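Engineer: need a structure here:
(one chain, ligands or ions: 1)
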Amino acid sequence: MTLENIKLDIDYVRSQFPAFKDPLSKDWSFFENAGGSYVPKNVIDKLTEFMTSTKVQPYAEYPMSKIAGENMDKATNLFAKMINAKSNEILIGGSTSINLYVLSNALKHIINPGDEVIVTNQDHEANISPWKRLKDYGANIVEWKFNSDDHELKISDLDKLINSKTKILAVTHCSNIVGSVNNLKEISDLAHKNNIIVIGDGVSYAPHGFPNVKELDVDFYTFSLYKTYGPHLALLYGKEEILKNLPNQNHEFLKGQYPYTINPGGPNHEELVSLIGIYEYFENLYNHHFKNKNLSTLGKIKKINNLISLHEENIANPILKYLYERKDLNLIGKNKIENKDRAPTISFYSNKKSSKEISNTLHKFKIATRNDNFYAWRCLEYLGIDTEDGVVRLSMTHYNNYNDTENVLKALEKI
Ligand SMILES: Cc1ncc(COP(=O)(O)O)c(C=O)c1O
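Structural biologist: Numbers count the residues shown, from 1 in each chain. Presented below is the predicted three-dimensional model:
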């Protein structure tokens, strides 16, 4: 078997997630992954271990405290390696919304009256509202609108919006409604030619493959760890040369100690340590599928990403095709995943039934899904969709299987 022929061993994957054995959840096909994912047992074990033996204030010299602190640092260092960042370039905060709010506060000093800030109407509100607040400091907010025919953000449209006054661009790597992967590298290149700081929202991208932030060349990048198989925390990456010059948002005496300067309050300790479990899970996944043990963490992540993408493409494409062909349902975004150009985050709505009615009917077939605007209400509003009722979202990840695909297709056929 050549490496290229290796397929994701889905039974192995599912055996790592206790939710698939739990009496409450085991019979359900879980399609709410873009809301929050299940966690592998390594994460639960790390959490239990911390709470059992090291649940004390960390970083003192006695053993329980010393180990607690060491494990907190270990979790941060491992995650930095997984996304190709330096340890002092990432911080773990309470949520992406909080991280971006603090970041926008720190960046307001670069705004002079009349400067421009670009946001998109494809983003989750977490990467729009904090930047719109810069209006209070004299910024003009400019909206990069997606194309209403194919629902894509066009870089040619961005090009037309940029001028010498543009200072900040906040854009999603992948929308939690449309699902398309935006070319963040190309976007960053264009922005940097014009001295613009780029903030990429990777919340809907990272669950389908941890990003290489240096390759993307974004200035800041964020994702929510509770959607990447971990606890309710979020990661923010920032380029060191920018981070170190940001005004301190933390206690006064911490001035200069980036990245703590933009992480007031810091993360939840036990949850931070449980992130080691995500690393272990991906390491186990690699070792289960591949022989070469000498690869770097980044190299292993790349191989796992390819494995996951292929599996997700196979289980999601039949659903995309089905929804696209049903004349009474409206699929948002691309009708096929090709070459990682789309996440298996699938949103649709009906001309005849409310999204709530469809979602609740799917529950009767043990399909865990949801209707909502998912806080991307500008996106829904632009598409003329009722923002209260929203869309039905079927969001998959690598632990979904063909059985889930069949279940949802059968259920949709009956609705
Ligand atoms: C694309 C996207 N960005 C940002 C967020 C906000 O993340 P958090 O809940 O960590 O604040 C979400 C949450 O659903 C999201 O889907």
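Engineer: any idea how far the most far-flung residue of the chain relative to its centre lies from Leu47?
Structural biologist: Centroid-distance maximum for the chain: Tyr62 at 37.2 Å, with C-alpha atoms, centre = their mean. Tyr62 sits at a distance of 22 Å from Leu47 (criterion: C-beta to C-beta, to the nearest Å). Every residue, glycine included, has its C-beta placed from N, CA and C.
Engineer: what helices or strands is the strand or helix carrying Asn314 leaning on?
Structural biologist: Assigned by DSSP states H and E, Asn314 falls within helix 297-325. If you count contacts as 3 or more C-beta pairs under 8 Å, 6 or more residues apart in numbering; DSSP states H and E, helix 297-325 packs onto helix 63-82, helix 276-289, strand 329-331, strand 345-350, helix 402-414.
Engineer: Could you tell me the angle between it and helix 63-82?
Structural biologist: Going by axes from the mean of the first three to the mean of the last three C-alpha atoms, to 10 degrees, helix 297-325 is angled at 60 degrees with respect to helix 63-82.
Engineer: in helix 297-325, what counts as buried?
Structural biologist: For helix 297-325, the neighbour count (16 or more other C-beta atoms under 10 Å) marks 297, 300-313, 315-317, 319-320, 322-323 as buried.
Engineer: Could you do stretch 72-79 as well?
Structural biologist: Within stretch 72-79, the residues that count as buried by 16+ other C-beta under 10 Å are Met72, Lys74, Ala75, Thr76, Leu78, Phe79.
Engineer: And stretch 204-223, by the same measure?
Structural biologist: Here stretch 204-223 shows 204-213, 216-223 as buried, counting by 16+ other C-beta under 10 Å.
Engineer: Kindly identify which of these also come near the ligand.
Structural biologist: When contact is defined as C-beta under 6 Å from any ligand atom, the buried residues of stretch 204-223 meet the ligand at Ser204.
Engineer: can you count the residues close to the closest residue in space to His208 that isn't next to it in sequence?
Structural biologist: Leaving aside its chain neighbours, His208 sits nearest to Ala343 (5.1 Å; criterion: C-beta to C-beta, 6 or more residues apart in numbering). The tally of other residues near Ala343 (other C-beta atoms under 10 Å) stands at 30.
Engineer: if we can go back for a sec, among the buried residues of stretch 204-223, name the ones in strands.
Structural biologist: Counting by DSSP state E, the part of the buried residues of stretch 204-223 found in strands is Phe220, Tyr221, Thr222, Phe223.
Engineer: Quick check: the third one touching Tyr205?
Structural biologist: If I follow you right, that is Thr222. No. Under the criterion of C-beta atoms under 8 Å, Thr222 is not in contact with Tyr205, lying 10.5 Å apart.
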